[in-house]
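In: requesting a structural model of the entry that follows:
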Amino acid sequence: MADAAPVLLSQNKPVTVSSNGGDAYAGKFAVDGKTTTRWASQKNIDPAWIYVDLGAASAISEVKLTWDLSCAKSYRVDFSNDATTWNQVYATDNGDGGVDDLTVSGSARYVRVYGTKRCRTGSSYGYSLQEFQVYGGGDTQAPTAPTNLKASNVTSTSVTLTWDASTDNTGVVAYDIYNTGQFIKSLTTTTATLTGLTPNTTYGFYVNARDAAGNVSQASDTLSVKTPPKVVDPEPPTAPTNVHVTGTTANTISLAWNASTDNVGVTGYFVYLGDAQVGQSTGTSTTIDGLKANTSYTFTVKATDDADNLSPASSPATGTTKSGGDAIGEVKQITTSKDVPWGLAFLPDG
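Out: Next up is the predicted model:
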């Protein structure tokens, strides 16, 4: 069976250029299929370049350049999949205009002609291409569907998925994971850990494979996964012990305490002034600020766990802020007006 004829991939596709000599010489005229129009760069500038976006990575076998008299003496042809990193596939220092029909090989989304020396070196000339045509096989074969999708390490908020790799004529470049039609993430491996799930919820996961040309496989079988409820934990932590003052300033009091214990695990501590929570910490110390100078304060501390159980309060600990007048950071009521203020200014003393 004969191979299929190469497909013209570049016609009327988006084009980016280093410059053009005016609206009549825009880059789009190099891919419009007409030799009566052309792209021309600004005169007397080296290097100059033009590249076409094929829309998706494709297997490329031929680049055909139809030059105007303002051709490139030296130029190269580059491939890229991101328009940032370029791979040279052809170069010459003997360009003489006319039609250059170049046989190339590779796969790319972007194809660039990069001129470094003009055929017409006078200051009134630039580079000029009547047609810039890219041909290829136009890979239309999709990868096989991923198989053997499995779940492991299922928790109330996460799951690990694994599957067997797909195959493709040019190669699989990515796998896309979905939940009942909603895209979740893309990756290049055949395993993924999904986090941020909702407890006690049923999910329907499936995976598609993609190749470099953007062909997408059929979906894998849908895997139903139900996350368990959040752990039921009725047991609160023990009360923190040995709460004590470790330092004071005119408007702060620093506290420390011994760690609580819990059947599952302590996740943090809350500091109270009477019934009001005034601080919190994930460790066994904290500093309470915004206090009045030369004032006594009595604090208690409670521990919490992952189920939001609160421990009994610790024994109280009392500290007295130092003297110092109106300390920086002290919270003071300056008005009882209920009107909404529309401005703020510093008083003379700052």
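In: just the strands from the stretch 101-250 of the chain, written as ranges.
Out: Secondary structure of the stretch 101-250 of the chain (DSSP state E, counting those that start in this stretch): strands at 128-136, 147-152, 159-164, 172-179, 182-187, 191-194, 202-211, 223-226, 241-248.
In: dump those strands to TSV, plus mean pLDDT.
Out: Converted to TSV, the strands of the stretch 101-250 of the chain look like this (pLDDT from 0 to 100):
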stretch	mean pLDDT
strand 128-136	95
strand 147-152	97
strand 159-164	97
strand 172-179	94
strand 182-187	93
strand 191-194	96
strand 202-211	94
strand 223-226	96
strand 241-248	96
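In: winner for burial among these?
Out: strand 128-136 (a mean of 23; mean count of other CB atoms under 10 Å). From N, CA and C alone the C-beta is placed, and that goes for glycine too.
In: let's have the strands of the stretch 101-250 of the chain in JSON lines, adding distance to residue 235.
Out: Converted to JSON lines, those look like this (distance: least, CB to CB, whole Å):
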{"stretch": "strand 128-136", "distance to residue 235": "66"}
{"stretch": "strand 147-152", "distance to residue 235": "29"}
{"stretch": "strand 159-164", "distance to residue 235": "27"}
{"stretch": "strand 172-179", "distance to residue 235": "34"}
{"stretch": "strand 182-187", "distance to residue 235": "35"}
{"stretch": "strand 191-194", "distance to residue 235": "29"}
{"stretch": "strand 202-211", "distance to residue 235": "29"}
{"stretch": "strand 223-226", "distance to residue 235": "26"}
{"stretch": "strand 241-248", "distance to residue 235": "18"}
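In: so which of those comes closest to residue 306?
Out: Closest to residue 306 of the strands of the stretch 101-250 of the chain is strand 159-164 (CB to CB; 18.7 Å).
In: so what touches that closest one?
Out: 146-153, 175, 177, 190-194, 197, 203, 205, 207, 220, 223, 225, 227 (CB atoms under 8 Å, 6 or more residues apart in numbering).
In: kindly report the same for stretch 82-90.
Out: Contact partners of stretch 82-90, identified using CB under 8 Å, 6+ apart, comprise 16, 51, 53, 63, 76-80, 102, 104-106, 108-110, 112.
In: and the gap between residue 303 and residue 258?
Out: Residue 303 sits 11 Å away from residue 258, going by CB to CB, to the nearest Å.
In: mutual contacts of the two, please.
Out: What both residue 303 and residue 258 touch, as defined by CB under 8 Å, 6+ apart, is the set residue 240.
In: tell me which of the two has more neighbours.
Out: residue 303 (26 against 13; other CB atoms under 10 Å).
In: next SSE after the strand or helix carrying the more buried one?
Out: Following DSSP states H and E, one finds residue 303 within strand 296-305. As assigned by DSSP H and E, the chain's next helix or strand after strand 296-305 is strand 317-320.
In: ok, that following strand: who's next to it in the sheet?
Out: Here strand 317-320 is paired, per DSSP bridges, with strand 296-305 (antiparallel).
In: any buried residues in the strand it pairs with, and which?
Out: 297, 299, 300, 301, 302, 303, 304, 305 (16 or more other CB atoms under 10 Å).
In: only C-alpha atoms, please: export the strand holding residue 303 in CSV.
Out: Output of strand 296-305 as CSV, limited to C-alpha atoms (Å, rounded to 0.1, in the frame of the first residue of the first chain):
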residue,chain,number,x,y,z
SER,A,296,-2.6,42.1,84.7
TYR,A,297,-4.0,39.4,82.4
THR,A,298,-5.0,35.8,83.1
PHE,A,299,-4.9,33.3,80.3
THR,A,300,-5.9,29.6,79.7
VAL,A,301,-5.1,27.3,76.8
LYS,A,302,-7.1,24.6,75.1
ALA,A,303,-5.9,21.9,72.6
THR,A,304,-7.8,20.8,69.5
ASP,A,305,-7.5,17.7,67.2
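In: and residue 216, what pLDDT?
Out: With respect to pLDDT, residue 216 has a value of 89.
In: ok, it - contacts?
Out: Residue 216 neighbours (CB under 8 Å, 6+ apart): 142, 143, 176, 208, 209, 210.
In: the closest residue to the fourth one other than its chain neighbours and residue 43, how far apart?
Out: In other words, residue 208. What sits nearest to residue 208 in space, not counting adjacent residues and going by CB to CB, 6 or more residues apart in numbering, is residue 176, at 4.8 Å. Distance of residue 176 to residue 43, given as CB to CB: 47 Å.
In: could you point out where the stretch 201-350 of the chain is predicted with low confidence?
Out: 213, 325-350 (pLDDT under 70).
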